[in-house]
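>>> Test case, fold it:
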Amino acid sequence: MSVKLNEKFVKNFVSSAALEAIAPEVEKALETVKNRNGAGADFLGWYKRPVDYDREEYARIKAAAEKIRKTSDVLIVIGIGGSYLGARSAIEFVNGNMHNEAGGKVSVYFSGNSISSSALSDLLRVCEGKDISLNVVSKSGTTTEPAVAFRIFRELLIKKYGEDGARERIYCTTDKQRGKLKELADKCGYETFVVPDDIGGRYSVLTAVGLLPIAAAGIDIDAMMQGAADAMNDFQAPALDNNDCLKYAAYRNLLYRDGKSTEILVSYEPSLQMYCEWWKQLYGESEGKDGKGLFPASVIFSTDLHSLGQYIQQGVRNIFETVIDIKNSNDAVKVPFDPENSDGLNFLSGMDMSEINRCAMNATLYAHNDGGVPNIVLEIPDRSAYTYGYISYFFELACAVSGYTLGVNPFDQPGFEAYKKNMFALLDKPDPSLDELKKSLRERMADN
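Have a look, this model is predicted:
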């Protein structure tokens, strides 16, 4: 198995009796996922996705990715939330967070995930003098952030290449049959890929939503899908004792019931920063409802030991950590010898940085445990495409099981629309149903 749960740093905080008591709950939750008879079951398309997918579309994804690599210096991926986080997390997980500066591959940038004019202007400057392709990802085509960014970059491509040239460089990942983006793509002749109806955005990384930009970045998506397929097979075991995915869900729920209301995902590799962002959306949107749910946070150590480390060590004891332990580093960098020993660190001479990083991880695990912080350690072998697919499926399945154990629908997000309604009202969107809200908000703002 490519994910192994190490219980050493959590077992002193959760009794074996408690694990035994919750076992029937998580085992039943897994059966609910398998049988598709729980809340939100219409969005369980991801469950068998690693083996049950459209082979024709998959081949088109590979062909489009190859075309992008041959014709473009830059690929702009336009999307927000699950429409971009999975792809970006995978690219940085495998290729590193400096992949755009490494050379030899298409540079992949992401837009439409904020409403910042500065961020968009910065990216437009990056694109100057370069050949560009676009992949816009939106089921509806009307979500404000990506729709505005698509307007701007589409206009840029049409001015640069003409309508016909732009047509060969714009790829739309959207609804199969309906929606404004689908209508535009059909009208203009843009190649389209499908956002499946039965897979929510935060579970969609192994669909065209994630796979096209991941493949364009030169990553082996066959290996990624195989990793996910193997995880799907490995975590079928119905009993808690034989299933680390169930055990992770069980530990999370037991710690939550014991007052640990914040889970901090920890990595010791900066290239996993966006993976942590993907994980936060997955668990935050899936569990944060009905007044319930762990608050998902993340840190990159040892960097954040110099900022949040003090709080984790001695702050409010309402937290636990889930640590991603990567056993094998992709790279070797040894510390050189300094004849003057000006920094007093010659005792590290000849040591590989990965060994120092592992010492920092072990030291932190013991320190935080001694400070009253439980740590669930998830061991993975490396940062390969295969491992990305494997651990991502692990987290998706654990999230579904954990959500059902918590007693919520892990596949909806009913609170998501509140800010959008307020924003559209304040932007004077022509919609009579927003008139009263608009008036109320402006009155409240005037009182400030």
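>>> Tell me which residue is most central in the chain.
With distances taken as C-alpha atoms, centre = their mean, the residue of the chain nearest its centroid is residue 278 (1.8 Å).
>>> check which helix or strand covers that residue.
In this structure, residue 278 sits in helix 273-287 according to DSSP states H and E.
>>> what about residue 23, how many residues close to it?
16 (other C-beta atoms under 10 Å). (Glycine included, C-beta is placed from N, CA and C.)
>>> since we're on the closest residue to it other than its chain neighbours, how many residues are nearby?
Among residues not flanking residue 23 along the chain, residue 240 sits closest, at 4.1 Å (C-beta to C-beta, 6 or more residues apart in numbering). Residues contacting residue 240 under the criterion other C-beta under 10 Å number 21.
>>> Let's test this: mean pLDDT of stretch 69-89, rounded?
In this model, stretch 69-89 has a mean pLDDT of 96.
>>> now swap in stretch 430-442 and tell me
Per-residue scores along stretch 430-442 average to 75.
>>> what does stretch 24-38 give?
Stretch 24-38 comes out at a mean pLDDT of 97.
>>> contacts for it?
Applying C-beta atoms under 8 Å, 6 or more residues apart in numbering, the contact partners of stretch 24-38 are 44, 47, 238-240, 243, 246, 249-250, 253, 397, 400-405, 409.
>>> list the buried ones in that stretch?
25, 26, 27, 29, 30, 32, 33, 38 (16 or more other C-beta atoms under 10 Å).
>>> phi, psi of the first one?
So that's residue 25. phi -70, psi -50 (degrees, to the nearest 10).
>>> Relative to residue 47, how far out is it?
Separation of residue 25 from residue 47 (C-beta to C-beta, to the nearest Å) stands at 19 Å.
>>> re the thing from before, mind listing what the residue nearest to the centre of the chain touches?
By C-beta under 8 Å, 6+ apart, the contact set of residue 278 is 85, 86, 88, 89, 202, 205, 392.
>>> Now for the chain, the helix or strand with the poorest mean pLDDT.
None of the helices or strands of the chain scores lower by mean pLDDT, DSSP states H and E than helix 417-426, at a mean of 68.
>>> Quick check: next helix or strand after that helix?
Under the assignment DSSP H and E, the closest C-terminal helix or strand after helix 417-426 is helix 435-446.
>>> Tell me the helices and strands packed up against that following helix.
helix 417-426 (3 or more C-beta pairs under 8 Å, 6 or more residues apart in numbering; DSSP states H and E).
>>> okay, the contacts of residue 278 in JSON lines with distance to residue 299 and secondary structure next?
Output for the contacts of residue 278, formatted as JSON lines (distance: C-beta to C-beta, whole Å; DSSP: H, G, I helix; E, B strand; the rest coil):
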{"residue": "85", "distance to residue 299": "18", "secondary structure": "helix"}
{"residue": "86", "distance to residue 299": "21", "secondary structure": "helix"}
{"residue": "88", "distance to residue 299": "19", "secondary structure": "helix"}
{"residue": "89", "distance to residue 299": "16", "secondary structure": "helix"}
{"residue": "202", "distance to residue 299": "21", "secondary structure": "helix"}
{"residue": "205", "distance to residue 299": "22", "secondary structure": "coil"}
{"residue": "392", "distance to residue 299": "20", "secondary structure": "helix"}
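>>> Residue 375: which of those residues is nearest?
residue 392 (21.2 Å; C-beta to C-beta).
>>> For the stretch 151-300 of the chain, which segments are assigned as strands?
170-174, 191-194, 262-267, 295-300 (DSSP state E, counting those that start in this stretch).
>>> Serialize the ones you listed to TSV and add fields for distance to residue 376, mean neighbour count and mean pLDDT.
Formatted as TSV, the strands of the stretch 151-300 of the chain follow (distance: least, C-beta to C-beta, whole Å; neighbours: other C-beta atoms under 10 Å; pLDDT from 0 to 100):
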stretch	distance to residue 376	mean neighbour count	mean pLDDT
strand 170-174	34	27	98
strand 191-194	35	20	98
strand 262-267	9	22	98
strand 295-300	13	18	98
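>>> Figure out which of these is closest to residue 14.
strand 262-267 (13.8 Å).
>>> show me the contacts for residue 397.
Counting by C-beta under 8 Å, 6+ apart, residue 397 has contacts 33, 47, 231, 232, 235, 245.
>>> Assign a three-state SS to it, would you?
What DSSP: H, G, I helix; E, B strand; the rest coil gives for residue 397 is helix.
>>> Ok, residue 311 next?
Assignment for residue 311 (three-state DSSP): helix.
>>> top strand in this structure by residue count?
Ranked by residue count, the top strand of the chain under DSSP state E comes out as strand 319-326.
>>> Can you show me the CA trace of that strand as PDB?
C-alpha atoms of strand 319-326 as PDB (Å, rounded to 0.1, in the frame of the first residue of the first chain):
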ATOM      1  CA  ILE A 319      -6.000  20.900  17.700                       C
ATOM      2  CA  PHE A 320      -4.500  17.700  16.200                       C
ATOM      3  CA  GLU A 321      -2.100  17.300  13.300                       C
ATOM      4  CA  THR A 322      -2.100  14.900  10.300                       C
ATOM      5  CA  VAL A 323       1.400  14.600   9.000                       C
ATOM      6  CA  ILE A 324       2.300  13.500   5.400                       C
ATOM      7  CA  ASP A 325       5.600  11.700   5.800                       C
ATOM      8  CA  ILE A 326       7.300  11.300   2.400                       C
END
